[in-house]
Each structure stands twice: as C-alpha cells, then as structure tokens.
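Colleague: Okay, sequence plus prediction incoming.
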Amino acid sequence: MPLPVAHSLASGIIYSSADADGSLFTWRRLLLAMMIANAPDLDFLPGLLIGDPNRFHHGPTHSLAAVLIVAGIAACGAALGARWPLRGKIEARAVAGTAIMVGALWFSHILLDLFTEDLFGPFGVPLLWPFSDRYFLFYPWFPNVARYSGPSGPLAFFLSLLNWHNAWAATAEILTLTPVLALSIWWRRRRHSGTRETTASYAATSSLDLSSSDSD
Ligand SMILES: [Zn+2]
C-alpha cells in the first residue's frame, strides 16, 4: 500500500479529468473524492479494534468485485438523487456518470496498490476475489509503507508510521503523481476555456454537491 498521499493525489487526477465536462469545481466535492479513493484501506479498522491492524488489510475491499459493488451502490444512490453533478440533465447519464466516477476513484486505489512494494505476505491485492484467492502485484514502483507488522494498539500502530522511510515514500509518491495531476488540471482548464461552467442549477439539486460557492 502507498500512503494516503498517493491515493489523494490520484483522486485529484480523476476528479480533474473525469469531472471536466463543465461541472463546477468545489473543494467539498474534491474532499469527497479523496475519501472514496482512500476508503478501501478502511479494512484496517477491524484489525485495529482487535489489536492486530494488518489482520484484515488487503482483503475484499481491494478487488475488482468491490469496484463493481461500490459503483452499483453509487448508481442506486444517483437514481435516488445523490448524483455526482455532471453537466446535462439526462437521468441515465447522471446515474452512469456517478457510478463511473465513484468506481474510478475506488479502482485508482487498487491500481496504486498493484504498483507498490509489499513486504507483508500475501503480497499485493486479491484482485479477482471472490473468484480467485490469488494475490496480484504488478510492479513495486512506490516504496512500501513501514509500519508495525504484528499485534499492536491503535496509537502504537499510528506512531509506527512516523519514520524517515515513510517520509521518503511520501516524497516518491508526490514526485510521481504531481506532474500527472498538473497535466489533468491543465486539461480541465483547457476544456473549460471558452465555455461557462453551466451546471450550477443542476448541481444545486444534488446531495453529493455539498457546495457550489467555491469555484475555480
Ligand atoms: Zn490499500
């Protein structure tokens, strides 16, 4: 697993790219994107509760099936009105757009994990769960996150994350993904140039759009 730094930068890249169809930029929507992109690592929580943080990490939340399930839940939410505010008012497009955005954010997490060094077996992520127990790791581009591997309390576990190796890991993540983020922001602005951001009224009806006051 990379640090939340990498997952948050990836969420910014997807938000800038996929949400570049004329919808308003909002910091709160970006924050929501970051939370979704980091959410697969919530599988640390059950382990933290029983004093063994790594116990359930890299489980089913790190699979393609999870991407489909989460995208399906997002589609249902969109059909009920909780849409990711995309330009246009065609119902099917809003539902599909929300599912694709949420699915892409979740998938970005798995993708980065597939390219991160892993020192705790089984190595990688169970990409094809529940159809296969095999774990996948494509290439260890990002450094591993150094942390307690054995049983520990939540405080000791979080303190174990504060070390020079992880500072280097964060630097490597920033150096790799910031240029891509800059490119996606440039592309978003290019798409916006010459067109007004026209979805304010549509966005205002969406419960996923938490604010429309802070724009580019
Ligand atoms: Zn992860």
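Modeller: Structure received.

Colleague: residue closest to the middle of the chain?
Modeller: In the chain, the centroid-proximal residue (CA atoms, centre = their mean) is Ala37; its distance is 1.2 Å.

Colleague: can you map out the helices along this structure?
Modeller: Ranges of helices in the chain, per DSSP state H, are 4-18, 27-38, 44-49, 64-79, 91-114, 154-160, 164-192, 200-203.

Colleague: Would you mind telling me which of those helices is nearest Phe138?
Modeller: Closest to Phe138 of the helices of the chain, according to CB to CB: helix 91-114, at 4.5 Å. Yep, even glycine has a C-beta here, placed from its N, CA and C like the rest.

Colleague: what number of residues lie near Ala6?
Modeller: Close neighbours of Ala6, defined as other CB atoms under 10 Å, add up to 27.

Colleague: give me every residue that touches the residue lying closest to it once chain neighbours are set aside.
Modeller: If the residues on either side of it in the chain are set aside, Ala6 comes closest to Glu173, at 3.8 Å by CB to CB, 6 or more residues apart in numbering. Glu173 makes contact with Pro2, Leu3, Val5, Ala6, Leu9, Phe142 under the criterion CB atoms under 8 Å, 6 or more residues apart in numbering.

Colleague: Now render the helices of the chain as TSV, adding distance to the ion and mean pLDDT.
Modeller: Shown next, in TSV, are the helices of the chain (distance: least, CB to the ion, whole Å; pLDDT from 0 to 100):
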stretch	distance to the ion	mean pLDDT
helix 4-18	8	92
helix 27-38	8	93
helix 44-49	9	88
helix 64-79	11	92
helix 91-114	5	90
helix 154-160	15	85
helix 164-192	13	92
helix 200-203	30	44
